[in-house]
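S.K.: Could you work out the structure for the sequence below:
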Amino acid sequence: MNFLARLKYPTSNLGLMSLFSELAGRAQVIMASILNRLVMVAVILLIGLIAGRLVGKLLQRALKSLELGRFVKPLSKFSIEDLIGGAATMAIYFATAVMALDYLGINTLVASIIAIVIIAAVIGSVFLSVGNILPNLTAGIVIYTRRPLKKGDIIKYKDIQGKIVGTGLLETRVETDNKDIIFIPNSNLLREEVTIKS
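M.R.: This next block holds a predicted model:
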């Protein structure tokens, strides 16, 4: 008589005891298997977190030693080295999460949904970091087309006074009397009071 048949039709108290004993044994095996899988998932996640952080930091240091920032202008308040190192860290975190889900036996549909959510979060964060670029770009186009400020003008903006040595799409470079070059975002120059001296 198989296990399910004995569960439906126990024949005696002794049969019930062996049935409960077998049930307890199976539950113990299942719990041990689940616990084993959870421990392995915890180990995978821990290794992934350590590896992601380590690789990200090493990549940032390597890129800073190459002085990549001199060649690539930062698009936001973060340096290009920080952005690339952070992206590498996130990629390793994502790969680790997929490996942990795969070890748990969760199908690829769930992993795909998680991937879409992570990609959407990355795209959203990029758009948030670009938030300062769009107003500065628009102001740069206005400055370029209307020419209210041009190279060689001497301006006073807040407590900064100096000669415009260049205008770009995102910022205007001003050289002070001390020969310091100050970058002023174009949107600030259009929004706030600027005095042009002749």
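S.K.: and the gap between residue 147 and residue 196?
M.R.: Note on residue 147: its distance to residue 196, by Cβ to Cβ, to the nearest Å, is 11 Å. C-beta: built from backbone N, CA, C; applies to glycine.
S.K.: Oh, that last question was meant for residue 65, not what I typed.
M.R.: Distance, residue 65 to residue 196, using Cβ to Cβ: 43 Å.
S.K.: more crowded one of the two?
M.R.: Each of residue 65 and residue 196 has its neighbours counted (other Cβ atoms under 10 Å); residue 196 has more, 13 against 9.
S.K.: Look at the more buried one and give its secondary structure.
M.R.: Three-state call for residue 196 (DSSP: H, G, I helix; E, B strand; the rest coil): strand.
S.K.: Report the beta-bridge partner residues of it.
M.R.: With DSSP bridges as the criterion, residue 196 is bridged to residue 155.
S.K.: Contacts only, for it.
M.R.: Neighbour list for residue 196: 148, 149, 153, 154, 155 [criterion: Cβ atoms under 8 Å, 6 or more residues apart in numbering].
S.K.: same deal with residue 40?
M.R.: residue 103.
S.K.: where does it land in three-state SS?
M.R.: Classification of residue 40 by three-state DSSP places it in helix.
S.K.: where's it relative to residue 118, distance?
M.R.: Distance of residue 40 to residue 118, computed by Cβ to Cβ: 23 Å.
S.K.: Kindly report the same for residue 84.
M.R.: Distance from residue 84 to residue 118, counting by Cβ to Cβ: 17 Å.
S.K.: any weak-confidence spans in this protein?
M.R.: Residue ranges of the chain with pLDDT under 70: 1-17, 19, 68-78, 107-108, 110-111, 126-133, 198.
S.K.: same thing but 80
M.R.: The chain contains residues with pLDDT under 80 at 1-25, 66-83, 105-115, 118-119, 122-138, 140, 143-147, 169, 198.
S.K.: mind giving me the domain split of it?
M.R.: Per automatic domain parsing, the domain ranges recorded for the chain read 3-106, 148-197.
S.K.: Next, format those domains as a markdown table and append distance to residue 134.
M.R.: Formatted as a markdown table, these follow (distance: least, Cβ to Cβ, whole Å):
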| stretch | distance to residue 134 |
| --- | --- |
| domain 3-106 | 11 |
| domain 148-197 | 9 |
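S.K.: Could you point out which of those domains sits nearest residue 125?
M.R.: Among these, the nearest to residue 125 by Cβ to Cβ is domain 3-106 (9.6 Å).
S.K.: Give the buried subset of the contacts of residue 196 as a PyMOL selection command.
M.R.: Per 16 or more other Cβ atoms under 10 Å, the buried members of the contacts of residue 196 correspond to this PyMOL selection:
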select buried, resi 149+153+155
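S.K.: What segments of this protein are helices?
M.R.: In the chain, the helices defined using DSSP state H lie at 3-8, 13-65, 80-104, 108-129, 133-146, 186-191.
S.K.: Please identify the deepest-packed of those.
M.R.: Mean neighbour count (mean count of other Cβ atoms under 10 Å) peaks for helix 186-191 among these, with a mean of 19.
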